[in-house]
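In: Fold the following.
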Amino acid sequence: MRLRALLETDALGLRLLGGEEELDRTVRGVMTTDLRDPSRYLSGGELVLTGLAWRRDAADCEPFVRILAAAGVAGLAAGEAELGAVPEDLVEACARHRLPLFAVHESVAFATITEHVVRQVSGERAGDLAAVVDRHRRLMTSGPAGGGPEVVLDLLGSDLDLRAWVLSPTGRRIAGADRALPDGAGAVLAGEHLAATRSGRRGPHRATVGSTTYSLFPIRNTGRGGAPAVREPRETLLSDWLLAVEADAGDWPAARLDLLQGVTQLIAVERDRREAARAVRRRLAQEVLELVQAGAAPAEVAARLRVAAPVLLPGLGTAPHWQVVVARVEWGGGRTAEAGDTPGTGAPGTAGTANPTGTAGTTGTAGTTGTAGTAPDTGAMAQALLEEILVDPAATGPDPADRIAVAHFGGEAVALVPLPAGPDRAGSGAAGSTAAAPGHSSGDGPGGVATGGDAPDGAERADGTDGTDGSRGLHADTLLAAVRAPLSAGLDGDGRLTLGVSAAVHSAEGLRGALEEARHARRVAAARPGRVCAAGHHELASHVLLLPFVPDDVRRAFTARLLDPLRDYDRRHRAELIPTLEAFLDSDGSWTRCASRLHLHVNTLRYRVGRIEQLTGRDLSRLEDKLDFFLALRMS
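Out: Okay, the predicted model is just below:
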């Protein structure tokens, strides 16, 4: 229990004198003392009750409070029966040591407070806790939609004084306490949980973010939804939810741990309900994408889309635009190049591509097959992860869970994402429209995700919009911005996730091209280093498409020949020739713009460029040499 709960219990007669910001401390016991040094009897977390008989003068307060603070007690409650009022010097000492201080009214016996704390902390409320879980169960199952996980977590807070959150494998908050998690805490907790589960440690797992300790309970699939209850461990690693409780469960009794496990089972039932509803959208996506893959007539695909659109976009009055996202999960600890990595070799499953089933414990090398009973269903894993990543309201609009349809074919998952059609969207995102805005083809962002700068009016921006109606669709860098860290922690040393994103298309005729475009983009992402990588359609129309497929030794030799003389000179003379070269190329060789950007006089810039040409033997007035430097910088 927490100090705040004691203060809110009127029968205890406690009055707060200081330490309001520390009221969330946990009380693990109670001790009554009038010893000047009670440290030998303290283990931390106690509420210390004292009648102040130890105090002879004001000088006694500081050492007494210092001893309590060093022992880690939760708070101090001083009785008013002996002195009539709590001395001001004790109030000041507690404030200096950030120790919460309460005054106990003379009419309240210490035994009353002790009995209340012991009853709360010792587990004598086990019958009440069982009733709490039973009430949770009734609320979860009452009515056609049930109460949902929010009801369970609200009761955990009100009845058990536990703050808790339900988190997805990427740290997305699904349900939880009214007080939000600290920024970034969800991703850290999800990463810790994934890493602990992957290593085989039994839950609950303990994680610390800042100064706060959390206990992490896996929420296992029950088998009543769309997925079987018993699955390959790595498959559940990347799809199961988790319950994060703001407490250290390491010293909990078995009864309380069992109750929390019961809560996770109730939440799993709610997830099954959501999975069952999503299964309809999966079937629709499977039918549409099978037609697209088989090269069916556009009229047949369009007819199937007309059936799917009302389910995916209920209430939509006009035909939507569509976008395709392809994901693949590979296991085995390191990247093995796919036979289908080279762009233009066709879709997975056709000649010249990787076998989509992969090999158990490997990365899905071309031409191999999984071992029966041991190979994880990588397609199902990719499907679960893709649904999780795409269920981002910022990316897909209101009620995103009703707007995503993901199917899987062997080892890859394919998402069919509907986008509301804007008034000036016609044809703007057709498949094959791959013109890239400046700054969007670098591909050198963290984790291999392309990063972009500001685009001119009408060009695609880094958030995937065109700056007009804001609905052009998903973009590779925004797709992974919030999930790269936890997924990298969960996959580290054992697997990879790669994604490809197509442009938006406005008709059934464009879906075949969008599917191929997304698959080609995913192969570009697969050629990059990093555990979680993505690439977008805009990268298929630039040099970025070619750079990942240059052999590493060729890349190193090329960049060393051009850039090592400049780096060596910079180390010796601090001349900043490399930054000058980058700025000069970014300024399209304009002396004025480059000098202004670097805050240099033009003559100084000319001297530096001359030194670059002298050291490398190249001429920066020639297009060929500019291009070589540009590629060397991108590959370095």
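In: what sits against residue 636?
Out: Taking Cβ atoms under 8 Å, 6 or more residues apart in numbering, we find residue 636 in contact with 559, 563. Bear in mind the C-beta positions are built from the backbone N, C-alpha and C, glycine included.
In: And it, how far from residue 628?
Out: To residue 628, residue 636 is 12 Å away according to Cβ to Cβ, to the nearest Å.
In: Also residue 296?
Out: Taking Cβ to Cβ, one finds residue 296 at 46 Å from residue 628.
In: Now do the phi/psi pair for residue 14.
Out: Per-residue torsions, residue 14: phi -90, psi 140 (degrees, to the nearest 10).
In: That one and residue 79 touch, don't they?
Out: No. Contact criterion Cβ atoms under 8 Å: residue 14 and residue 79 do not qualify, at 10.8 Å.
In: so what's in contact with the two at the same time?
Out: Joint contacts of residue 14 and residue 79 (Cβ under 8 Å, 6+ apart) are residue 104.
In: State which helix of the chain is the longest.
Out: helix 254-293 (DSSP state H).
In: Downstream of that one, the next helix or strand is which one?
Out: Toward the C-terminus, helix 254-293 is succeeded by helix 298-312 as the next helix or strand (DSSP states H and E).
In: Give me the average confidence score over the helix or strand just after that next one.
Out: Note on helix 298-312: by DSSP H and E, the next helix or strand toward the C-terminus is strand 321-331. For strand 321-331, the per-residue pLDDT values average out at 84.
In: got it, and stretch 573-583?
Out: So the average pLDDT for stretch 573-583 ends up being 93.
In: buried residues in it?
Out: Neighbour counts over stretch 573-583 (16 or more other Cβ atoms under 10 Å) mark 575-578, 580-581, 583 as buried.
In: Pick out the most distant pair among these.
Out: Using Cβ to Cβ, the buried residues of stretch 573-583 span at most 13.6 Å, a distance reached by 575 and 583.
In: OK, contacts around residue 415?
Out: Going by Cβ under 8 Å, 6+ apart, residue 415 touches 285, 324-327, 386-387, 390, 404-406.
In: ok and the helix or strand hosting it relative to helix 298-312, angle-wise?
Out: For residue 415, the host element (DSSP H and E) is strand 412-419. With axes from the mean of the first three to the mean of the last three Cα atoms, to 10 degrees defining the directions, strand 412-419 sits at 70 degrees from helix 298-312.
In: how about stretch 163-175: buried residues?
Out: With the criterion 16+ other Cβ under 10 Å, stretch 163-175 contains buried residues 163-172, 174-175.
In: which of those lies closest to residue 156?
Out: Proximity to residue 156 was ranked across these by Cβ to Cβ; first place goes to residue 164, at 5.1 Å.
In: Distance check, the closest residue to the closest one other than its chain neighbours against residue 165.
Out: The shortest distance from residue 164 to any non-neighbouring residue, by Cβ to Cβ, 6 or more residues apart in numbering, is to residue 245 (4.6 Å). Separation of residue 245 from residue 165 (Cβ to Cβ): 8 Å.
In: got a list of what residue 570 touches?
Out: Shown in contact with residue 570 (Cβ under 8 Å, 6+ apart): 576-578.
In: Sorry, wrong one. I was asking about residue 97.
Out: So residue 97 contacts 65-66, 68-69 (Cβ under 8 Å, 6+ apart).
In: one step back: got the buried residues of stretch 573-583 as a markdown table, with distance to residue 55 and secondary structure columns?
Out: Output for these, formatted as a markdown table (distance: Cβ to Cβ, whole Å; DSSP: H, G, I helix; E, B strand; the rest coil):
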| residue | distance to residue 55 | secondary structure |
| --- | --- | --- |
| 575 | 70 | coil |
| 576 | 67 | coil |
| 577 | 72 | helix |
| 578 | 69 | helix |
| 580 | 72 | helix |
| 581 | 74 | helix |
| 583 | 70 | helix |
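In: which one of those is nearest residue 498?
Out: Among these, residue 578 lies closest to residue 498 (Cβ to Cβ), at 30.5 Å.
In: Let me know the secondary structure of residue 182.
Out: Three-state assignment for residue 182 (DSSP: H, G, I helix; E, B strand; the rest coil): coil.
In: Phi first, then psi, for it.
Out: Here is the backbone geometry of residue 182 (degrees, to the nearest 10): phi -60, psi 150.
In: per-residue pLDDT, it?
Out: pLDDT at residue 182 comes out at 82.
In: residues contacting it?
Out: Residue 182 sits in contact with 209-210, 212, where contact means Cβ under 8 Å, 6+ apart.
In: Partner strands of the strand holding residue 415, with direction?
Out: Taking DSSP bridges as the criterion, strand 412-419 forms sheet pairs with strand 321-331 (antiparallel), strand 405-409 (antiparallel).
In: Using a markdown table, lay out these together with distance to residue 157 and mean neighbour count.
Out: Shown next, in a markdown table, are those (distance: least, Cβ to Cβ, whole Å; neighbours: other Cβ atoms under 10 Å):
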| stretch | distance to residue 157 | mean neighbour count |
| --- | --- | --- |
| strand 321-331 | 36 | 28 |
| strand 405-409 | 34 | 24 |
